[in-house]
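Colleague: With the input below, show me the fold.
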Amino acid sequence: MTRIQTFAEDCIELLRERTEGKLVERRSFLAALAVLGVSPALFRLTPAAAQAKEIVVVNWGGDAVGAMTKAWAEPFVKQPGAPKVVVDGSGPSSAKIKAMVESGKVTWDVVDRNLIAALELGRQNLLEKIDYSIVDKSKVRAAHAGEWGVGSYIYGNVLTYQTDAFGGRKPSTWKDFWNLKDFPGKRALRKHIDGQLEAALMADGVPADKLYPIDVKRALAKIKSIKQHTVFWATGAESQQLFRDKEVVMGGLWNTRASVAREESKGKVDFTFNEGNAWVGAWLVPKGNPAGKDVFKFIASSQDPAGQVELFKMLGNGPVNPAAAAMVPADLKVIDPGSPENYAKQVPADAEWYAANSATVLNQYLEAIS
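Modeller: The predicted structure is shown next:
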């Protein structure tokens, strides 16, 4: 089976495309590394091993190492008595976490994953429970404070469209997306179930609050009904290029790519958070992590609104702390998936359903669209 790009990996790719030293200046980043006591070699994704009084934070590499260093690690180490932080970009896959914990050789303290992985790994006794005597539940929405994972950022699958394709009409719902008569032209959907099944069911008349558990048979039938009019994308860059080339008139895209398409086209591509599918990145702590309870102090520090807004500016990941909305610059509020206004328009993904069904249903989906 072809490997499918994750949202976190796409954020790294997107930041690399957009910055080339502009948003994350190399000199500033290396200076930050020096302050943190982190070797620049880590920027080449050398795996990090935890030492005494050190927290190892693991994400998906590339420029996201610098982004999370600036937004979260640097502010944390300025706190009195805080241990130093190493941001390691070697990629916290479930297989690596499982191997570390089961071998008793854990070198990571906290990893950038999601609430689905928190359920899957936590139920296998591979994760520490989040210590909510240190981490503040009030700084995330209730649904984002899990037993083994706590929200760190928000992103969404959103309806994106060419503004000049329909004689002034603007699609605003997934029913419009499936309406080939009034909105003719090629569509784009992701080559993965995340958010696509929900869109199909809403197009078929299922209310947003009745989507879960997902009626897989009904959703797949709806997607098959427009399959011949649909291009299925595998990477974020591919989804954006489909709009750049005007190969499609509408698509379900990650909000980060939709925002860039909107900017670079000077508004000829736009999107709506209405009926979007909201997803949550989350901090997970491997069982037996070397830094112990100190890791929860780091997680608590990352809940600060200022750091979350900083990450949003660099990666496009929406702040998970609702209080951060007031700090988002006025010109960026419209593209913030985590703002109370935009979040209210979206349907939060059901982590429980995905943890139980994702692997099986993904195979059915890929077979249906092939």
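Colleague: If we go by neighbour counts, what in stretch 308-316 is buried?
Modeller: For stretch 308-316, the neighbour count (16 or more other CB atoms under 10 Å) marks 308, 309, 310, 311, 312, 313, 314, 315, 316 as buried. Backbone N, C-alpha and C define where each C-beta goes, glycine included.
Colleague: Nearest to residue 184, out of these: which one, please.
Modeller: Among the buried residues of stretch 308-316, residue 316 lies closest to residue 184 (CB to CB), at 30.6 Å.
Colleague: I'd like to know how many residues surround the closest residue to that closest one other than its chain neighbours.
Modeller: Leaving out its chain neighbours, the residue that sits closest to residue 316 by CB to CB, 6 or more residues apart in numbering is residue 256, at 3.7 Å. By the criterion of other CB atoms under 10 Å, residue 256 has 24 neighbours.
Colleague: which residues touch the host helix or strand of residue 256?
Modeller: Using DSSP states H and E, the element containing residue 256 is helix 255-264. Defining contact as CB atoms under 8 Å, 6 or more residues apart in numbering, one finds that helix 255-264 is touched by 7, 10-11, 14, 18, 155-158, 160, 236-237, 239-240, 243-244, 253, 269-271, 273, 276, 315-318, 335, 337.
Colleague: So which elements touch whatever helix or strand comes next after it?
Modeller: Heading C-terminal from helix 255-264, the first helix or strand you meet, by DSSP H and E, is strand 269-284. Under the contact criterion of 3 or more CB pairs under 8 Å, 6 or more residues apart in numbering; DSSP states H and E, strand 269-284 touches helix 7-19, strand 110-114, helix 115-122, strand 149-162, helix 196-203, helix 255-264, helix 340-344, strand 347-348.
Colleague: Let me have those in JSON lines, adding distance to residue 188 and mean pLDDT as columns.
Modeller: Shown next, in JSON lines, are the helices and strands packed on strand 269-284 (distance: least, CB to CB, whole Å; pLDDT from 0 to 100):
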{"stretch": "helix 7-19", "distance to residue 188": "15", "mean pLDDT": "70"}
{"stretch": "strand 110-114", "distance to residue 188": "23", "mean pLDDT": "97"}
{"stretch": "helix 115-122", "distance to residue 188": "24", "mean pLDDT": "97"}
{"stretch": "strand 149-162", "distance to residue 188": "8", "mean pLDDT": "97"}
{"stretch": "helix 196-203", "distance to residue 188": "11", "mean pLDDT": "98"}
{"stretch": "helix 255-264", "distance to residue 188": "11", "mean pLDDT": "91"}
{"stretch": "helix 340-344", "distance to residue 188": "21", "mean pLDDT": "95"}
{"stretch": "strand 347-348", "distance to residue 188": "20", "mean pLDDT": "97"}
